[in-house]
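> Pasting a predicted model and its sequence here:
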Amino acid sequence: MPYEKLRFRKASIFAYTNSPLYNANQLPVNLYPYLILLVFFAVALYFIFRKKKVNPSILSNEDKQLLLEHVEFYAALNADKKKVFEEKLAHFLGGIKIEGIGVEISPLDRILVGASAVIPILGFDEWEYRNLGTVLLYPDTFNKDFQFAEGERNIMGMVGDGYMNGQMILSQSALRHGFSKSAGRENTGIHEFVHLLDKSDGATDGVPQNFMKHGYAIPWVKMMHQEIQKIEDNQSDINPYAITNEAEFFAVTSEYFFENPERMKDRHPALYDSLSKIFGQKLA
């Protein structure tokens, strides 16, 4: 920069800072609240979006045998897809704690929790459950106060919120039943992990915008309401629990999609097509 221009710029700054319009003490003070908020916001974003350092578990031959025997979804995959499934499962088990509350965690429980997490994300190249740190396994159903020993208990699984944020609770009996031959189109583990995917955009509302193309949300909401009306009119084989709200509709129909895709494609072709696009998986 020519010396004359540099001297002019310095003179301009000097003239401004010595004018009555400039207050050297007032300007920084007024900025302090904004700077504090900016720093707080930046730190919050860092902790939300940073990638966890994960040391993937190593799946043993026994683990893979449990997958073959108890997870039909995995057993039906070709060799390449099985490898991808195993890699995602190992990554999940290496980064998420699975703890028992009043129950001992067995190798099968770990595999079934991990499978519940991997099945909905198998079609995504890279996905981490950054909004989850711990899965708590209860022996049976529980109530809204997290009691499982007495009183009325009808909750099989839930995604924590508020002070329980970052945690999921699953009933061990419901988890195992979801992967049994008699489960039909229901799977509690998959149901709760779909809620987590739904929640990843900031709202558990049945519209997983992180996995939808731009402009697809409105047609999806319209389809949900149409299908809910059919259930209310007793003209659908979808679990009636789906009419609770849009979030439950998404989770319930996702169970159906993964547990019996052929039947869904036959009975609900438009719904099957929509879920296939959301999850990036064509299962039938």
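Thanks, I have the structure now.
> So for G102, what pLDDT did the model give?
We have a pLDDT of 91 for G102.
> can you confirm it is in a strand?
No: with DSSP: H, G, I helix; E, B strand; the rest coil as the criterion, G102 is coil rather than part of a strand.
> Now do the contacts for the residue nearest to it when sequence neighbours are not counted.
Once flanking residues are discounted, G102 sits nearest to P139: 5.3 Å by C-beta to C-beta, 6 or more residues apart in numbering. From N, CA and C alone the C-beta is placed, and that goes for glycine too. Applying C-beta atoms under 8 Å, 6 or more residues apart in numbering to P139 gives the contacts 101-103, 148, 171-173.
> Next up, phi/psi of P139, please.
Main-chain torsions, P139, degrees, to the nearest 10: phi -70, psi -30.
> on that earlier part again, closest to V221 among the contacts of P139?
Nearest to V221 among the contacts of P139: S171, at 30.5 Å, using C-beta to C-beta.
> separation between that closest one and N154?
For S171, the distance to N154 equals 10 Å [C-beta to C-beta, to the nearest Å].
> same deal with I111?
26 Å.
> ok, now I121?
28 Å.
> who's more crowded, those two?
I121 (22 against 8; other C-beta atoms under 10 Å).
> For E99, see how far away the more buried one is.
With C-beta to C-beta as the criterion, I121 and E99 are 22 Å apart.
> For this structure, which residues score under the pLDDT cut-off?
Along the chain, segments meeting pLDDT under 70 span 1-56, 149-151.
> Just to check, N154 is in contact with N143?
Yes: between N154 and N143 there is a contact at 7.3 Å, judged by C-beta atoms under 8 Å.
> Just the helices from the stretch 1-150 of the chain, written as ranges.
For the stretch 1-150 of the chain, the helices defined by DSSP state H, counting those that start in this stretch occupy 3-17, 26-49, 61-70, 72-75, 79-95, 107-118.
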